[in-house]
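K.L.:
what shape does this take:
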Amino acid sequence: MVCQRKRPPPVLLLLFCVTAGAQKKDLKCFSMEGCSPFIAVLQQPWQRQFISDMAAKNQLDIVCLDATGQVNQYRWLLYAIVAADEFGEAVPLAYMITSSESHEPIVTFLEVVKGCSP
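P.N.:
Below is the predicted model of the structure:
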């Protein structure tokens, strides 16, 4: 008997997106107008469900943050929050694309994912 995972349709949630030029007002899920630097936090519904399921089982104790540089012509960074599933395989929980190399987008990324998780 072959076990197959059912994958939901490819829907991508834009949890948080800001554009350069204005000041950060408050942290909300989905969208926020004008903030510098550019930050986009992306997550699929199955990733949100995975966080909820693993947290309910107390199996989400350790997560890792990975960064990859120069992912586009502007040399922006791609971040991924990754955790292990029940089989020890790496599962990406959320992504962020940002134009900044400072710590501030990382803090925002973690706050948004934490605040928007079920």
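K.L.:
please report how far residue 82 lies from residue 91.
P.N.:
As judged by C-beta to C-beta, to the nearest Å, residue 82 and residue 91 stand 7 Å apart. All C-beta atoms are positioned from the backbone trio N, CA, C, and that covers glycine.
K.L.:
can you pull up the bridge partners for residue 40?
P.N.:
Counting by DSSP bridges, residue 40 is bridged to residue 17, residue 97.
K.L.:
what's residue 37 in contact with, if anything?
P.N.:
Residues counted as contacts of residue 37 (C-beta atoms under 8 Å, 6 or more residues apart in numbering) are 20, 98-100, 102, 104-105.
K.L.:
between the residues you listed, which is nearest residue 76?
P.N.:
Taking C-beta to C-beta as the measure, residue 76 lies nearest residue 99 of the contacts of residue 37, at 5.1 Å.
K.L.:
give the contact list for the closest one.
P.N.:
Counting by C-beta under 8 Å, 6+ apart, residue 99 touches 20, 37-39, 74, 76-77.
K.L.:
among the contacts of residue 37, which lie within helices?
P.N.:
104-105 (DSSP state H).
K.L.:
where do the strands sit along this structure?
P.N.:
With DSSP state E as the criterion, the chain has strands at 13-18, 39-43, 63-68, 77-84, 90-98.
K.L.:
go through those strands and name the closest to residue 55.
P.N.:
Closest among these, using C-beta to C-beta: strand 77-84, at 10.0 Å.
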